[in-house]
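> Just to be clear, the model below is a prediction. Sequence and coordinates:
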Amino acid sequence: MEKGQSIKIKRAQPGIFWDKAAEKLLKWKNPTNFDDNIHDLRVLGKKLRALYYFFKPFLDKNFVRKEKQKVKKAMSSLGNIRDSHVSTKIYSKIKQEYPQLIFPKILEHFLGSQSHGLKQNQPYSNGKSPQIEKKHVKSMEIILVARERLLKKISGKPFEKQVIIERLQDGLNAVVDSMIKAKNESSAASFHEWRIKTKRFYYQLSLCLHWKSSAELEKIVKKFKQIEQFLGQAHDFHVLFSLISNIDSKYLGDKEKKSFEEFLLLLNKFELENEKEALELAEKLIGSGLEETIPTLFNP
């Protein structure tokens, strides 16, 4: 080798380990309150599904497919329970804030029957319905086992920074595409799809935040959480509207009919207001050059 000749050494890009970040994101507190337990289980399931998508290039395809199916099925069995509880809470809140409305007795009876006879704010072990309790325990087992399986799969496994950035960019593209579709279609289904994509991306950003926090990333995560909350509230109002809109008017008195119609109009109004808030916040955030910001969010 001649004097002064340099040798170019190709340095391998350092690996990024996600063990602790994923463990923090998938933290399970195991609340004893039934409503909180159902809520936290569903949140954990959604976080798992977001991470399956995030780590997809690094995991076995069959593993991802099977685990996603198991978690989705477990969450689905809890969905009706959660929806009935949220609907009852919305009804109670509106009833308190609009005392001038005369709510038909059949409405409260209907919502009560939808809750499957379970008392809210009671430990799940005291539920009146053995069938619901059994379903809940089974779903909990499936989701918690899935949590341990995923953590084991990514334990000590290095991931290249560039691939992670590409996963984030794919996630953001999915959010933007679904947002545009929701804005154009203005349907509850399209807004719900946008919410799913937004929640998934929010959890992926939260994973990065747990791995390496920064003021800029914290700000972005907070904004996406706000967008998801607006979309979630819009969905909850829509679910309640859909649930009660088919109540037979023959069971309502004249005064009750008018109040019932006003109640339905309120639900629709609140749904549209939350959708509008989500759109305004999202367009402002995404229009601020978020796609160019993603590669600079974190560094190994």
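Cool, got the structure.

> what bits of the chain have low per-residue confidence?
The chain contains residues with pLDDT under 70 at 1-14, 112-130, 250-251, 298-300.

> all helices of it, in order?
19-25, 34-54, 61-97, 105-114, 130-154, 161-185, 188-211, 215-244, 254-286, 290-293 (DSSP state H).

> would you turn those into CSV with mean neighbour count?
All C-beta spots, glycine's among them, are computed from the backbone N, C-alpha and C. Below are the helices of the chain laid out as CSV (neighbours: other Cβ atoms under 10 Å):
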stretch, mean neighbour count
helix 19-25, 16
helix 34-54, 20
helix 61-97, 16
helix 105-114, 14
helix 130-154, 16
helix 161-185, 17
helix 188-211, 22
helix 215-244, 19
helix 254-286, 16
helix 290-293, 13
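
> Once you drop chain neighbours, what's closest to residue 218?
residue 209 (6.4 Å; Cβ to Cβ, 6 or more residues apart in numbering).

> sorry, that was for residue 153
Closest residue to residue 153 apart from its sequence neighbours, by Cβ to Cβ, 6+ apart: residue 59 at 6.0 Å.

> Report whether the expected contact of that neighbour with residue 149 is present.
No. Taking contacts as Cβ atoms under 8 Å, residue 59 lies outside contact range of residue 149: 10.4 Å.

> Show the contacting residues for residue 28.
Applying Cβ atoms under 8 Å, 6 or more residues apart in numbering, we find residue 28 in contact with 40, 44, 144, 147.

> I'd like to know which of the residues you listed is nearest to residue 292.
residue 44 (32.6 Å; Cβ to Cβ).

> Which residues are in contact with that closest one?
Going by Cβ under 8 Å, 6+ apart, residue 44 touches 26, 28, 143, 144, 147.

> Adding distance to residue 193, write those residues out as a markdown table.
Shown next, in a markdown table, are those (distance: Cβ to Cβ, whole Å):
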| residue | distance to residue 193 |
| --- | --- |
| 26 | 24 |
| 28 | 28 |
| 143 | 23 |
| 144 | 28 |
| 147 | 26 |
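
> Tell me the one among these nearest to residue 79.
Out of the contacts of residue 44, the member with the shortest distance to residue 79 (by Cβ to Cβ) is residue 143, at 13.1 Å.

> And the closest one, how far from residue 236?
22 Å (Cβ to Cβ, to the nearest Å).

> and what of residue 92?
Between residue 92 and residue 236 the computed distance is 13 Å (Cβ to Cβ).

> again with residue 135
22 Å.

> Likewise for residue 72?
Residue 72 is 20 Å from residue 236, where distance means Cβ to Cβ.

> Likewise for residue 44?
Residue 44 is 19 Å from residue 236, by Cβ to Cβ.

> Repeat that for residue 16.
37 Å.

> Spatially nearest residue to residue 192 (excluding sequence neighbours)?
Residue 192 sits nearest to residue 235 (Cβ to Cβ, 6+ apart), 5.5 Å away.

> Now the most centrally placed residue in the chain: closest residue in space, sequence neighbours ignored.
Nearest to the mean C-alpha position of the chain, by Cα atoms, centre = their mean, lies residue 199 at 4.6 Å. Take residue 199 and drop its neighbours on the chain: the residue closest to it by Cβ to Cβ, 6+ apart is residue 228, 5.0 Å away.

> Then residue 176?
Using Cβ to Cβ, 6+ apart, the closest residue to residue 176 is residue 286 (6.0 Å).

> check contacts around the closest residue to residue 50 other than its chain neighbours.
In space, and not counting its chain neighbours, residue 50 is closest to residue 203: 3.8 Å by Cβ to Cβ, 6+ apart. By Cβ under 8 Å, 6+ apart, the contact set of residue 203 is 25, 46, 47, 50, 51.

> at 7 Å what do you get?
25, 46, 47, 50 (Cβ atoms under 7 Å, 6 or more residues apart in numbering).

> just residue 198 next, same as before
175, 224, 227, 228, 231.

> Redo those as JSON lines? Include distance to residue 296.
Below are those laid out as JSON lines (distance: Cβ to Cβ, whole Å):
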{"residue": "175", "distance to residue 296": "19"}
{"residue": "224", "distance to residue 296": "17"}
{"residue": "227", "distance to residue 296": "21"}
{"residue": "228", "distance to residue 296": "23"}
{"residue": "231", "distance to residue 296": "27"}
